[in-house]
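Student: my questions concern the predicted model and sequence given below.
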Amino acid sequence: MPVPHGEEAHSAVSNHEGPTFACGHPSRRPLCGLLRMRSVSKGKRHDRILLRLLQPLDLPRLPLQPLAKELGAEIIWRPILVGGIFNTVNPSVYAQRETPVPLKARYMKKDLADWSRSAGLAIKMPPTVFPVNSVKAMRGCIWLGKDMAPFATAVFETYWGGDKDISQDTVLAEICRKVGVDEQKFFDGISEQAIKDQLKANTEEVVARGGFGSPTIFVGKTDMYFGNDRLPLIREALERSKASAA
């Protein structure tokens, strides 16, 4: 069962230097972002890179876009697969789903309702199909590149709010039409080997960086945060980084 403020996740990789932050729950099923903060000090431009590894379905829930805008950051999204993370380093998630602690499960239901209300989201938990295979949706995000945000948001809303199976081509085609994506080009694109390979590489990166769930956020190479409720701490870290570059 997903946990609003931190469920086990997937991730990706970056070769950029500087602060990185990576992240994925009902708003979680992979996507990651790269935030590049630019400032000028003593006539030189300083780049601060923040790598966020998460699931695109985190997009509607995590207020990173307003935060990035406020701090003058650029977001570049990169998708990942949380199931690959669980299979590799955190199989205990599956055992917890099969034999949940009743009191904890009851609280998690209440906690999810609180977060959903706070974020203004409609969440059906659990959806009729849970967990769901999000591979095609995540490949679609990679294929769409910098234009993936509307699609990722629609996937989230369709699955968690609309209770539709996003693993089905008919559902993905409906989402494509909704956001103005050519569905034939979409399906041709996600079948390309390069797209498949990139999703695999992105997912392997979060494990290599020490991630075990979603959302996982890194500020810098090793300063890791886990859970959407860590955003206040992430803000402070970004502000420190911005101040140091001034």
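Tutor: Here it is on my side, so go on.

Student: those strands in the chain, which residues are they?
Tutor: Assigned by DSSP state E, the chain shows strands spanning 30-41, 44-56, 73-77, 216-219, 223-226.

Student: does anything pack onto the fourth one? Which helices or strands?
Tutor: Going back to what we said before, that points to strand 216-219. If you count contacts as 3 or more CB pairs under 8 Å, 6 or more residues apart in numbering; DSSP states H and E, strand 216-219 packs onto strand 44-56, strand 223-226, helix 231-245. For the C-beta atoms, the positions are set from N, CA and C on the backbone; glycine is no exception.

Student: next one, pLDDT for residue 37 please.
Tutor: Per-residue pLDDT puts residue 37 at 42.

Student: do the same with the one 4 residues further on
Tutor: Predicted confidence (pLDDT) at residue 41: the value is 39.

Student: what's the end-to-end length of stretch 218-230?
Tutor: 11 Å (CA to CA, to the nearest Å).

Student: kindly apply the preceding question to stretch 139-151 instead.
Tutor: Start-to-end, stretch 139-151 (CA to CA) is 12 Å.

Student: quick one: the nearest residue to residue 143 once chain neighbours are set aside from residue 181, how far?
Tutor: Spatially, and ignoring its direct neighbours in sequence, residue 143 is nearest to residue 189 (3.8 Å; CB to CB, 6 or more residues apart in numbering). Going from residue 189 to residue 181 by CB to CB, to the nearest Å gives 10 Å.

Student: try residue 135
Tutor: 17 Å.

Student: same question for residue 70.
Tutor: Taking CB to CB, one finds residue 70 at 29 Å from residue 181.

Student: the two: which has the busier surroundings?
Tutor: residue 181 (22 against 12; other CB atoms under 10 Å).

Student: now do the contacts for that one.
Tutor: 144, 151, 175 (CB atoms under 8 Å, 6 or more residues apart in numbering).

Student: now with 10 Å, please.
Tutor: 140, 143, 144, 147, 148, 150, 151, 154, 172, 173, 175, 189 (CB atoms under 10 Å, 6 or more residues apart in numbering).

Student: correct me, but the fourth one touches residue 179?
Tutor: Yes. In this structure, residue 147 sits in contact with residue 179. The criterion is CB atoms under 10 Å, and the distance is 9.2 Å.

Student: before we move on, the earlier item: buried subset of the contacts of residue 181, written for PyMOL?
Tutor: Remark: buried members of the contacts of residue 181, expressed as a PyMOL selection using 16 or more other CB atoms under 10 Å:
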select buried, resi 140+143+144+148+151+154+172+175+189
